[in-house]
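Asks: Please work out how this folds:
(2 chains)
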There are 2 protein chains.
Amino acid sequence: MALIVQKFGGTSVGTIERIQQVADKVKKFRENGDDIVVVVSAMSGETNRLIDLAKQASDGNPEPRELDMMVSTGEQVTIALLAMALINRGVPAVSYTGNQVRILTDSAFNKARILQIDDEKIRADLNAGRVVVVAGFQGVDEQGNITTLGRGGSDTTGVALAAALKADECQIYTDVDGVYTTDPRVVAQARRLEKITFEEMLEMASLGSKVLQIRSVEFAGKYNVPLRVLHSFQEGLGTLITLDDEESMEQPIISGIAFNRDEAKLTIRGVPDTPGVAFKILGPVSGANIEVDMIVQNVSHDNTTDFTFTVHRNDYQKALDVLKQTAEAIGAREVSGDTNIAKVSIVGVGMRSHAGVASRMFEALAKENINIQMISTSEIKISVVIEEKYLELAVRALHTAFELDAPARQGE
Amino acid sequence: MALIVQKFGGTSVGTIERIQQVADKVKKFRENGDDIVVVVSAMSGETNRLIDLAKQASDGNPEPRELDMMVSTGEQVTIALLAMALINRGVPAVSYTGNQVRILTDSAFNKARILQIDDEKIRADLNAGRVVVVAGFQGVDEQGNITTLGRGGSDTTGVALAAALKADECQIYTDVDGVYTTDPRVVAQARRLEKITFEEMLEMASLGSKVLQIRSVEFAGKYNVPLRVLHSFQEGLGTLITLDDEESMEQPIISGIAFNRDEAKLTIRGVPDTPGVAFKILGPVSGANIEVDMIVQNVSHDNTTDFTFTVHRNDYQKALDVLKQTAEAIGAREVSGDTNIAKVSIVGVGMRSHAGVASRMFEALAKENINIQMISTSEIKISVVIEEKYLELAVRALHTAFELDAPARQGE
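Replies: Reported below is the predicted structural model:
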């Protein structure tokens, strides 16, 4: 008998019919003898409806505490509906708000962080044979104010509850049936991964595979909560995200290929190579609230150096303006930029113990005549920036080169 | 500087525009130097929407605790919206759910009763210059479960808060500008009452003047909370409901005329007049969950008696069936009934100290050739049942006979 935390997002509980389907699914698990805690989001569309009302009432500027008071009702409705549907099926169930559980958070309204979870009430209910339905995305601060964890925070609630309860598994139900080696829309041979490590998932997620909220994966890794991504309404085992367990882990060199076409590249050339110059360049950029992703600086020649970084495309023009001012101030030669780029990354814990991964990547790209504009590496990831039009070609080439292609798609 | 509790119902906060108007009104009171606690209902239509969802999720049979979890979100949205609107106007404000206040109730979900109110938080906020916005209709039980007071319970929340805070006045904002001597749609000369006693208000309310929830008036009377009924969006002093204060009270003999055309009359004739016969007749009726209003039994003759009572018209057929069975069982002569009736009542504390009120009433009806079918009296009320078609005529005749007609409608 296992203790499982199951999290269903807004789309999975978006209509009464879907809530009924979730109830059927939970009932089945319960009948298998598992103890179940369910975490749900607001019905899809509901949070936006509430935020819209709040903006109307406040000339677009809702007070943060009152906004949390308001949007937290979204999940409160869903937990009650699911608990009713379960009870109606003869499954004893009880729903709890974040306050009732009690999920204690700090007082950072709209983006609170969980500090502590009381497991007493939930354990008592589980012992009494009840399914416990908990509102995701919300908590309560020391003063009793309702807080929310920010958008997508229901995943974090699920993982945090699983950690507090020492659950055997935290299952995140979504609209995909698992984590893939890359986007199946780009590579038809993309394959669902049976397992992936927390670290790999973090690199995959931050690079554009929007299956899970990054914060919840960090949390799961920190507390070693086995996380499984599954499809809400299809059968299947999904993808299990766990610690790097050498024994049981299928250990391919590369687990997946992530990509991102939302970035733009900026270069400042002929920068006098003096200590502190990186800060002089990036300080004003972050001062303008622009987030920087990749940063590359190569060795200098003639006492000057070139400095390149990428930002989100929406921030490109603002970043370019800031950089031009900086160039003038520090006496750099020129500033240039390009929005016509894409980033492709190979991710895998296997590259720690395998030599030659980078050269295999560069060889695959060279074979297709794809020019590499920037390279950046971490322990389990190699990212390159290429011209945008080569993106699909590059991803397919790498998918094949690292032997990720599915032999044949079963049942399709 | 007064402490005022203001309660706004669902229609008064039914749209964002109306919430803005309420915020303007509260701001004006605050600027006059009064301390304000505002109690609000769910936006009109919202509670029904939520109940409808709950029924869909549970095949029409929502579990009571979960239903309260669900519908309580209606007020939670409104308090946040109003607090935001106030803050946006530069008025410091904070909203609280029933749980946060804490309004402690029993655990009778869907129809809970208030046991105790903590005033500590609210007092601290008032002292800090904040307007406190409290969710009506809801509370929390000893175990931390969310409860609701049942339909219309927001009035009760307002009165209970006013009692706990020893407020100077509890103002109930509605869609009428006060309590009238009778329904102005029936009698054009109907007059707004400046004052009325709790007892009179109770008799008026239970007889069909649906301005205030009966329970809130009982509560206000018990704790001597001055209650004022006002129009949400019109200027005016409304009607003050207080204890019977002989000195300052305008003491007309009759304060108002209530009526009701929702009842039906049932008679059982030739009942053997033995002890316990009233119970034998009414026991099965209440056993069938039918509420009985007026009951009249006259002196017996030839050792048999006639027994007449009224029920809601919706229960007429059911009551008739029950009564026929009873008649057979106890050997009564016959059973008859009539749905074609109306009840008219005169209400006033003045009748305690004035003789001849009843005969003046009967005289006025006789003058109009209206036959009286039943009479029932209490200390401050005389009710008669007449044929329905005479209802308007009777109300107008009594309104004039007891000098309730407005001399002339000012400003109209």
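Asks: Could you give the number of residues near the closest residue to residue A:351 other than its chain neighbours?
Replies: Using CB to CB, 6 or more residues apart in numbering or on different chains and skipping the chain neighbours, the partner closest in space to residue A:351 is residue A:357 (4.3 Å). C-beta: built from backbone N, CA, C; applies to glycine. Here the number of neighbours of residue A:357 (other CB atoms under 10 Å in any protein chain shown) works out to 19.
Asks: show me the contacts for residue A:357.
Replies: By CB atoms under 8 Å, 6 or more residues apart in numbering or on different chains, the contact list for residue A:357 reads A:253-254, A:346, A:348, A:350-351, A:382.
Asks: average model confidence for the helix or strand encompassing residue A:281?
Replies: Assigned by DSSP states H and E, residue A:281 belongs to helix A:277-287. For helix A:277-287, mean pLDDT rounds to 88.
Asks: could you point out which element follows it?
Replies: strand A:292-297.
Asks: could you check the angle strand A:292-297 makes with the helix or strand that that following strand is followed by?
Replies: With elements assigned by DSSP H and E, the helix or strand that comes after strand A:292-297 is strand A:304-312. Counting by axes from the mean of the first three to the mean of the last three CA atoms, to 10 degrees, strand A:304-312 lies at 170 degrees to strand A:292-297.
Asks: Who are the packing partners of strand A:304-312?
Replies: Packing partners of strand A:304-312 (3 or more CB pairs under 8 Å, 6 or more residues apart in numbering or on different chains; DSSP states H and E): strand A:263-272, helix A:277-287, strand A:292-297.
Asks: Would you reformat those as JSON lines and include mean neighbour count?
Replies: Shown next, in JSON lines, are those (neighbours: other CB atoms under 10 Å in any protein chain shown):
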{"stretch": "strand A:263-272", "mean neighbour count": "20"}
{"stretch": "helix A:277-287", "mean neighbour count": "16"}
{"stretch": "strand A:292-297", "mean neighbour count": "16"}
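Asks: Those: which one's closest to residue A:161?
Replies: Evaluated with CB to CB, the helices and strands packed on strand A:304-312 place strand A:292-297 nearest to residue A:161, the distance being 31.9 Å.
Asks: Export that closest one to CSV, keeping only CA atoms.
Replies: C-alpha atoms of strand A:292-297 as CSV (Å, rounded to 0.1, in the frame of the first residue of the first chain):
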residue,chain,number,x,y,z
VAL,A,292,20.3,37.5,-19.3
ASP,A,293,20.6,33.9,-20.3
MET,A,294,23.8,32.8,-22.1
ILE,A,295,27.0,34.8,-21.6
VAL,A,296,30.1,34.2,-23.6
GLN,A,297,33.4,36.0,-23.3
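Asks: what's near enough to touch residue A:336?
Replies: So residue A:336 contacts A:266-267, A:269 (CB under 8 Å, 6+ apart).
Asks: Chain B versus that one, what's the distance?
Replies: 45 Å (CB to the nearest CB, to the nearest Å).
Asks: for that residue, which residues make a bridge with it?
Replies: residue A:267 (DSSP bridges).
Asks: now do residue A:341
Replies: Those that pair with residue A:341 in a beta bridge, by DSSP bridges, are residue A:387.
Asks: tell me the contacts of it?
Replies: A:261, A:263-265, A:310, A:373, A:385-388.
Asks: mind redoing it with 6 Å?
Replies: Shown in contact with residue A:341 (CB atoms under 6 Å, 6 or more residues apart in numbering or on different chains): A:265, A:385, A:388.
Asks: gap between stretch A:389-397 and the chain center?
Replies: Stretch A:389-397 has its average C-alpha position 23 Å from the chain's average C-alpha position, going by CA atoms, centre = their mean, to the nearest Å.
Asks: tell me which residues in that stretch are buried?
Replies: By neighbour count on 16 or more other CB atoms under 10 Å in any protein chain shown, the buried set for stretch A:389-397 is A:390-391, A:394-397.
Asks: Nearest residue to residue A:65 in space, please, no chain neighbours.
Replies: That would be residue A:109: by CB to CB, 6+ apart, it lies 5.1 Å from residue A:65.
Asks: so where does residue A:94 fall, helix or strand?
Replies: strand A:93-96.
Asks: what does that strand contact?
Replies: A:79-80, A:83, A:86-87, A:125, A:130-131, A:133-134, B:66, B:69.
Asks: how about stretch A:182-190 as PDB, C-alpha atoms only?
Replies: The C-alpha coordinates for stretch A:182-190 follow below in PDB (Å, rounded to 0.1, in the frame of the first residue of the first chain):
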ATOM      1  CA  THR A 182      12.600  16.400 -27.600                       C
ATOM      2  CA  ASP A 183       9.500  18.200 -28.900                       C
ATOM      3  CA  PRO A 184       7.500  15.500 -31.000                       C
ATOM      4  CA  ARG A 185       6.200  18.300 -33.200                       C
ATOM      5  CA  VAL A 186       9.800  18.800 -34.400                       C
ATOM      6  CA  VAL A 187      11.100  15.300 -34.400                       C
ATOM      7  CA  ALA A 188       8.600  12.600 -35.200                       C
ATOM      8  CA  GLN A 189      10.900  10.000 -33.700                       C
ATOM      9  CA  ALA A 190      10.900  11.700 -30.300                       C
END
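Asks: in chain A, which segments are predicted with low confidence?
Replies: For chain A, the stretches with pLDDT under 70 are A:151-152, A:206-210, A:245-251, A:408-412.
Asks: Can you name the residues of it sitting close to chain B?
Replies: By CB under 6 Å from any CB of the partner chain, the residues of chain A that approach chain B are A:16, A:19, A:56-59, A:62-63, A:66, A:69-70, A:73, A:76-77, A:80-81, A:83-85, A:87-88, A:95, A:100, A:144.
Asks: May I see the ChimeraX selection of the buried members of those?
Replies: Buried residues within these, by 16+ other CB under 10 Å, are selected in ChimeraX with:
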select /A:16,19,56,57,58,62,63,66,69,70,73,76,77,80,81,83,84,85,87,88,95,100
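Asks: taking the residues of chain A next to chain B one by one, which sit in helices?
Replies: A:16, A:19, A:56-57, A:66, A:69-70, A:73, A:76-77, A:80-81, A:83-85, A:87-88, A:100 (DSSP state H).
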